[in-house]
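Trainee: just coords:
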DNA sequence: AATAATGGCAACCGCCTCGAG
DNA sequence: ACTCGAGGCGGTTGCCATTAT
């Protein structure tokens, strides 16, 4: 899980952050803010790159970062927004307060990608086995707030933005995603 | 009990965008 | 108009933990 700490040829540390480094970073930002990431490590007494400091702060040390498992509603939300926007992890994370783009991305790659593929496959198989020719199947799926909304299984397969899984039937409700977070 | 396979998290790398000079 | 540096983002990798064989 943790990379072996090392240093590059410019003397900057790499690998896992130590508690001491975390403490220094938090203490500095709490006191002075992060006005300049490239200069921050020098003033904070850290042998890290500015990028590394920024990443550490944004994804783990920020006060409002929530840790722990994703709820089914959050997972549903991720899948849906991903179908709409693609790999826009920061945009997806913006809809899930307290979640970071890194968490969303990791969760997608480890869990949801496989699931969405399986669901898409299952839907396609269901569709193929149905004898009715022109009747579109309309299912109800929960939106980000848990409310059921109509969902067209037929249209999702053909949406060009996401070949495997999409919610094109929800396009008319895309305002839902831009108007505010899925979870207050 | 030992080993292999898989899952999950954390970090780095490289590219892109944007603003300042 | 161009260049350069900083910040931001997405993809990928590394490593430990857990599960399966």
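Mentor: Received it, and whenever you're ready, just let me know what you need. Because the structure is a prediction, the values reported are computed rather than measured.

Trainee: stretch A:75-89 and DNA strand B in contact?
Mentor: No: on the criterion CB under 7 Å from any atom of the strand, stretch A:75-89 is out of touch with DNA strand B, staying 10.3 Å away. Backbone N, C-alpha and C define where each C-beta goes, glycine included.

Trainee: near DNA strand C at all, that stretch?
Mentor: Yes: for stretch A:75-89 and DNA strand C, the contact criterion (CB under 7 Å from any atom of the strand) is met by A:87-89.

Trainee: can you put those in a markdown table and add secondary structure, distance to residue A:97 and pLDDT?
Mentor: Conversion of these to a markdown table gives the following (DSSP: H, G, I helix; E, B strand; the rest coil; distance: CB to CB, whole Å; pLDDT from 0 to 100):
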| residue | secondary structure | distance to residue A:97 | pLDDT |
| --- | --- | --- | --- |
| A:87 | coil | 20 | 84 |
| A:88 | coil | 17 | 87 |
| A:89 | helix | 15 | 88 |
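
Trainee: quick one: which of these is most hemmed in?
Mentor: Within the residues of stretch A:75-89 next to DNA strand C, residue A:89 tops the neighbour count with 22 neighbours, counted by other CB atoms under 10 Å.

Trainee: one step back: which of the residues of stretch A:75-89 next to DNA strand C sits closest to residue A:56?
Mentor: Out of those, the one with the shortest distance to residue A:56 is residue A:89. That distance is 17.4 Å, counting by CB to CB.

Trainee: if anything else comes up later, I'll come back, but that's it for now.
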